[in-house]
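Asks: What would the 3D arrangement of this be:
(one chain, ligands or ions: 2)
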Amino acid sequence: MAQVQLRSVVKKYGSLEVVHGIDLDIADNEFVVLVGPSGCGKSTTLRMIAGLEAISGGEIAIGERVVNDLPPRHRNISMVFQNYALYPHMTVRENLGFSLKIANRPQSEIDRAVEEAANILSLSDYMDRKPGALSGGQRQRVAMGRAIVRHPEVFLFDEPLSNLDAKLRTQMRTEIKKLHQKVQSTIVYVTHDQVEAMTLADRIVIMRDGHIEQVGTPLEVFENPVNTFVATFIGSPP
Ligand code: ADP
Ligand code: MG
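Replies: Ligands and ions are numbered 1, 2, ... in the order given. All right, here's what the predicted structure looks like:
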(Lines give C-alpha, C1' and ligand atoms only; values in the text may rest on other atoms or scores of the structure.)
(Ligands and ions follow the chains in the order given, each with its own letter.)
Protein backbone atom coordinates (compact mmCIF):
# COMPACT_ATOMS: atom_id res chain seq x y z
CA MET A 1 0.00 0.00 0.00
CA ALA A 2 1.17 3.52 -0.78
CA GLN A 3 2.52 5.65 2.03
CA VAL A 4 0.71 8.73 0.79
CA GLN A 5 -2.40 8.45 -1.34
CA LEU A 6 -4.35 11.24 -3.01
CA ARG A 7 -7.70 10.32 -4.51
CA SER A 8 -9.53 12.92 -6.62
CA VAL A 9 -8.30 15.67 -4.32
CA VAL A 10 -9.92 19.03 -4.98
CA LYS A 11 -9.23 22.45 -3.51
CA LYS A 12 -11.51 25.43 -3.85
CA TYR A 13 -11.02 28.90 -2.46
CA GLY A 14 -14.58 30.20 -2.41
CA SER A 15 -15.93 29.50 -5.87
CA LEU A 16 -12.46 29.32 -7.43
CA GLU A 17 -11.18 25.76 -7.90
CA VAL A 18 -7.36 25.68 -7.88
CA VAL A 19 -6.72 21.92 -7.61
CA HIS A 20 -8.89 19.83 -9.93
CA GLY A 21 -9.08 16.29 -8.63
CA ILE A 22 -5.54 15.00 -8.24
CA ASP A 23 -4.68 11.27 -7.99
CA LEU A 24 -1.24 10.28 -6.75
CA ASP A 25 0.33 7.28 -4.97
CA ILE A 26 3.63 7.81 -3.17
CA ALA A 27 5.52 4.72 -1.98
CA ASP A 28 7.25 4.20 1.36
CA ASN A 29 10.76 5.79 1.30
CA GLU A 30 10.12 7.39 -2.05
CA PHE A 31 11.42 10.89 -2.85
CA VAL A 32 8.72 12.55 -4.92
CA VAL A 33 9.06 16.08 -6.27
CA LEU A 34 6.07 18.19 -7.29
CA VAL A 35 7.25 20.63 -9.91
CA GLY A 36 5.57 23.20 -12.14
CA PRO A 37 5.25 26.91 -12.80
CA SER A 38 4.35 29.36 -10.06
CA GLY A 39 0.63 29.25 -9.18
CA CYS A 40 -0.01 25.70 -10.50
CA GLY A 41 -1.06 24.41 -7.07
CA LYS A 42 2.07 22.75 -5.67
CA SER A 43 2.00 24.43 -2.25
CA THR A 44 -1.74 24.00 -1.95
CA THR A 45 -1.38 20.27 -2.62
CA LEU A 46 1.42 19.95 -0.07
CA ARG A 47 -0.53 21.93 2.52
CA MET A 48 -3.52 19.66 2.04
CA ILE A 49 -1.31 16.62 2.70
CA ALA A 50 0.01 18.41 5.80
CA GLY A 51 -3.48 19.28 6.98
CA LEU A 52 -2.76 23.02 6.86
CA GLU A 53 -5.51 23.44 4.24
CA ALA A 54 -8.82 21.59 4.31
CA ILE A 55 -9.61 19.64 1.17
CA SER A 56 -12.76 20.51 -0.75
CA GLY A 57 -13.23 17.02 -2.20
CA GLY A 58 -11.63 13.59 -2.47
CA GLU A 59 -9.51 11.73 0.04
CA ILE A 60 -5.97 11.80 1.42
CA ALA A 61 -4.44 8.79 3.22
CA ILE A 62 -1.10 8.61 5.05
CA GLY A 63 0.02 5.11 5.95
CA GLU A 64 -3.11 3.11 6.71
CA ARG A 65 -5.24 6.07 7.73
CA VAL A 66 -7.51 8.43 5.88
CA VAL A 67 -6.42 11.77 7.33
CA ASN A 68 -9.06 14.11 5.85
CA ASP A 69 -10.29 15.14 9.29
CA LEU A 70 -7.03 14.87 11.25
CA PRO A 71 -5.16 18.01 12.36
CA PRO A 72 -1.49 18.32 11.26
CA ARG A 73 -0.07 17.11 14.59
CA HIS A 74 -1.86 13.78 14.21
CA ARG A 75 -0.71 13.08 10.66
CA ASN A 76 2.83 11.89 11.44
CA ILE A 77 4.36 14.40 9.04
CA SER A 78 7.00 17.12 9.38
CA MET A 79 7.05 20.14 7.15
CA VAL A 80 10.02 22.34 6.17
CA PHE A 81 9.27 25.78 4.74
CA GLN A 82 11.35 28.17 2.66
CA ASN A 83 11.31 30.85 5.35
CA TYR A 84 12.75 28.45 7.97
CA ALA A 85 10.27 29.54 10.70
CA LEU A 86 12.88 29.12 13.45
CA TYR A 87 12.29 30.59 16.91
CA PRO A 88 14.67 33.58 17.05
CA HIS A 89 14.94 33.72 20.86
CA MET A 90 15.88 30.04 21.20
CA THR A 91 19.26 28.40 20.64
CA VAL A 92 19.73 25.78 17.93
CA ARG A 93 19.49 23.07 20.59
CA GLU A 94 16.22 24.51 21.90
CA ASN A 95 14.83 24.93 18.40
CA LEU A 96 15.61 21.31 17.62
CA GLY A 97 14.01 19.97 20.78
CA PHE A 98 11.01 22.27 21.01
CA SER A 99 8.38 20.10 19.32
CA LEU A 100 9.30 17.13 21.53
CA LYS A 101 9.28 19.33 24.60
CA ILE A 102 5.76 20.59 24.01
CA ALA A 103 4.74 16.97 23.37
CA ASN A 104 5.98 16.28 26.94
CA ARG A 105 8.60 13.73 25.89
CA PRO A 106 11.14 12.78 28.55
CA GLN A 107 14.31 14.92 28.55
CA SER A 108 16.54 11.89 27.87
CA GLU A 109 14.58 11.13 24.70
CA ILE A 110 14.72 14.79 23.63
CA ASP A 111 18.49 14.89 24.17
CA ARG A 112 18.97 11.73 22.14
CA ALA A 113 16.82 12.91 19.22
CA VAL A 114 18.49 16.34 19.20
CA GLU A 115 21.97 14.76 19.17
CA GLU A 116 20.98 12.48 16.32
CA ALA A 117 19.58 15.37 14.24
CA ALA A 118 22.68 17.47 14.99
CA ASN A 119 24.92 14.66 13.76
CA ILE A 120 22.96 13.99 10.58
CA LEU A 121 22.96 17.69 9.67
CA SER A 122 26.42 18.63 11.02
CA LEU A 123 25.02 21.13 13.51
CA SER A 124 27.01 20.10 16.58
CA ASP A 125 29.26 23.18 16.50
CA TYR A 126 26.32 25.61 16.52
CA MET A 127 24.09 24.17 19.21
CA ASP A 128 24.28 27.16 21.58
CA ARG A 129 23.87 29.84 18.90
CA LYS A 130 20.63 31.60 18.10
CA PRO A 131 19.29 31.68 14.52
CA GLY A 132 20.38 35.32 14.08
CA ALA A 133 24.01 34.19 14.36
CA LEU A 134 23.71 31.53 11.64
CA SER A 135 24.15 31.65 7.87
CA GLY A 136 21.22 30.91 5.55
CA GLY A 137 22.43 27.38 4.89
CA GLN A 138 22.89 26.70 8.60
CA ARG A 139 19.39 27.97 9.34
CA GLN A 140 17.96 25.71 6.69
CA ARG A 141 19.80 22.76 8.23
CA VAL A 142 18.30 23.62 11.63
CA ALA A 143 14.86 23.74 10.01
CA MET A 144 15.47 20.26 8.59
CA GLY A 145 16.82 19.07 11.93
CA ARG A 146 13.64 20.22 13.58
CA ALA A 147 11.70 18.08 11.15
CA ILE A 148 13.87 15.02 11.80
CA VAL A 149 13.60 14.86 15.59
CA ARG A 150 9.99 13.79 15.43
CA HIS A 151 10.79 10.75 13.26
CA PRO A 152 7.83 11.39 10.98
CA GLU A 153 6.61 8.89 8.40
CA VAL A 154 6.57 11.65 5.80
CA PHE A 155 8.62 14.82 5.26
CA LEU A 156 7.03 17.67 3.35
CA PHE A 157 9.33 20.33 1.87
CA ASP A 158 8.02 23.53 0.28
CA GLU A 159 10.75 25.23 -1.79
CA PRO A 160 13.24 24.89 1.07
CA LEU A 161 16.17 26.21 -0.97
CA SER A 162 14.62 29.12 -2.80
CA ASN A 163 16.02 31.74 -0.40
CA LEU A 164 19.59 30.52 -0.84
CA ASP A 165 22.16 31.59 -3.42
CA ALA A 166 22.99 29.27 -6.32
CA LYS A 167 26.14 27.79 -4.82
CA LEU A 168 24.51 27.01 -1.49
CA ARG A 169 21.48 25.58 -3.27
CA THR A 170 23.64 23.02 -5.04
CA GLN A 171 25.35 22.16 -1.77
CA MET A 172 22.05 21.79 0.09
CA ARG A 173 20.69 19.48 -2.62
CA THR A 174 23.44 17.03 -1.72
CA GLU A 175 22.62 17.53 1.95
CA ILE A 176 18.95 16.74 1.37
CA LYS A 177 19.80 13.59 -0.61
CA LYS A 178 22.01 12.45 2.27
CA LEU A 179 19.24 13.20 4.72
CA HIS A 180 16.85 11.04 2.73
CA GLN A 181 19.30 8.13 2.73
CA LYS A 182 19.89 8.43 6.47
CA VAL A 183 16.35 8.87 7.74
CA GLN A 184 14.71 6.40 5.34
CA SER A 185 11.47 8.35 5.14
CA THR A 186 9.07 9.32 2.44
CA ILE A 187 9.66 12.83 1.11
CA VAL A 188 7.25 15.01 -0.83
CA TYR A 189 9.18 18.01 -2.09
CA VAL A 190 7.86 21.08 -3.90
CA THR A 191 9.93 23.26 -6.20
CA HIS A 192 9.50 25.36 -9.34
CA ASP A 193 13.11 24.56 -10.30
CA GLN A 194 13.37 21.78 -12.91
CA VAL A 195 17.04 21.10 -12.22
CA GLU A 196 16.37 20.68 -8.52
CA ALA A 197 13.48 18.34 -9.34
CA MET A 198 15.50 16.24 -11.77
CA THR A 199 18.46 15.83 -9.42
CA LEU A 200 16.51 15.05 -6.24
CA ALA A 201 13.55 12.97 -7.32
CA ASP A 202 12.94 9.25 -7.53
CA ARG A 203 9.80 10.34 -9.39
CA ILE A 204 8.70 13.77 -10.47
CA VAL A 205 5.14 14.99 -10.72
CA ILE A 206 4.71 17.75 -13.25
CA MET A 207 1.81 20.06 -12.44
CA ARG A 208 0.11 22.75 -14.46
CA ASP A 209 -2.98 24.83 -13.64
CA GLY A 210 -4.16 22.64 -10.77
CA HIS A 211 -3.73 19.25 -12.39
CA ILE A 212 -1.01 16.68 -13.03
CA GLU A 213 0.45 16.56 -16.53
CA GLN A 214 2.83 13.63 -16.04
CA VAL A 215 4.37 11.40 -13.37
CA GLY A 216 7.56 9.42 -13.90
CA THR A 217 11.22 9.05 -13.10
CA PRO A 218 13.32 12.02 -14.20
CA LEU A 219 14.67 9.94 -17.09
CA GLU A 220 11.22 8.75 -18.24
CA VAL A 221 9.84 12.26 -18.23
CA PHE A 222 12.91 13.67 -19.97
CA GLU A 223 12.92 10.99 -22.67
CA ASN A 224 9.17 10.62 -23.14
CA PRO A 225 7.40 13.86 -22.28
CA VAL A 226 3.63 13.45 -22.82
CA ASN A 227 3.20 16.85 -24.45
CA THR A 228 5.01 20.01 -25.46
CA PHE A 229 4.32 21.69 -22.13
CA VAL A 230 6.24 18.97 -20.28
CA ALA A 231 8.96 18.84 -22.93
CA THR A 232 9.50 22.59 -22.77
CA PHE A 233 9.34 22.72 -18.99
CA ILE A 234 11.82 19.88 -18.52
CA GLY A 235 14.02 20.99 -21.40
CA SER A 236 13.76 17.73 -23.38
CA PRO A 237 15.37 17.74 -26.80
CA PRO A 238 12.77 18.26 -29.57
P1 ADP B 1 2.33 27.15 -6.31
O2 ADP B 1 2.79 26.70 -4.99
O3 ADP B 1 2.40 26.09 -7.38
O4 ADP B 1 3.03 28.39 -6.78
P5 ADP B 1 -0.17 27.65 -4.95
O6 ADP B 1 -0.58 26.31 -4.51
O7 ADP B 1 0.42 28.56 -3.94
O8 ADP B 1 0.77 27.53 -6.24
O9 ADP B 1 -1.44 28.39 -5.57
C10 ADP B 1 -2.31 27.79 -6.49
C11 ADP B 1 -3.40 28.77 -6.85
O12 ADP B 1 -4.22 28.98 -5.73
C13 ADP B 1 -2.89 30.13 -7.29
O14 ADP B 1 -3.68 30.59 -8.33
C15 ADP B 1 -3.06 30.99 -6.05
O16 ADP B 1 -3.27 32.32 -6.39
C17 ADP B 1 -4.30 30.37 -5.42
N18 ADP B 1 -4.31 30.50 -3.95
C19 ADP B 1 -3.38 30.02 -3.10
N20 ADP B 1 -3.72 30.29 -1.82
C21 ADP B 1 -4.89 30.97 -1.87
C22 ADP B 1 -5.78 31.55 -0.88
N23 ADP B 1 -5.49 31.45 0.43
N24 ADP B 1 -6.88 32.16 -1.32
C25 ADP B 1 -7.18 32.24 -2.64
N26 ADP B 1 -6.41 31.72 -3.62
C27 ADP B 1 -5.28 31.11 -3.25
MG1 MG C 1 4.29 27.50 -3.72
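
Asks: Ligand 1 contacts on the chain?
Replies: Contact residues, the chain versus ligand 1 (CB under 6 Å from any ligand atom): Tyr13, Val18, Gly36, Ser38, Gly39, Cys40, Gly41, Lys42, Ser43, Thr44. The C-beta positions use only the backbone N, C-alpha and C, and glycine is treated the same way.

Asks: Low-confidence ranges, the protein, go.
Replies: Using pLDDT under 70 as the threshold, the predicted model of the chain has low-confidence ranges 1, 84.

Asks: measure the spatially most central residue of it to Phe31 for me?
Replies: In the chain, the centroid-proximal residue (CA atoms, centre = their mean) is Phe157; its distance is 1.9 Å. Between Phe157 and Phe31 the distance is 10 Å, computed by CB to CB, to the nearest Å.

Asks: Now for the two: what residues contact both?
Replies: With CB atoms under 8 Å, 6 or more residues apart in numbering applied, the overlap between the contact sets of Phe157 and Phe31 consists of Ile187, Tyr189.

Asks: quick revisit: nearest to Arg93, of the residues of the chain next to ligand 1?
Replies: Arg93 has its nearest neighbour among the residues of the chain next to ligand 1 in Ser43, at 30.0 Å by CB to CB.

Asks: would the closest one count as being in a strand?
Replies: No: counting by DSSP: H, G, I helix; E, B strand; the rest coil, Ser43 is not part of a strand but helix.

Asks: Val190 is in contact with that one, correct?
Replies: Yes: taking CB atoms under 8 Å as the contact criterion, Ser43 and Val190 are neighbours in contact, 6.1 Å apart.

Asks: what residues are shared contacts of these two?
Replies: Contact criterion CB under 8 Å, 6+ apart; residues shared by Ser43 and Val190: Asp158, Glu159.

Asks: if you count what's nearby, which of these two comes out ahead?
Replies: Neighbour comparison, Ser43 and Val190: the larger count goes to Val190, with 26 against 18 (by other CB atoms under 10 Å).
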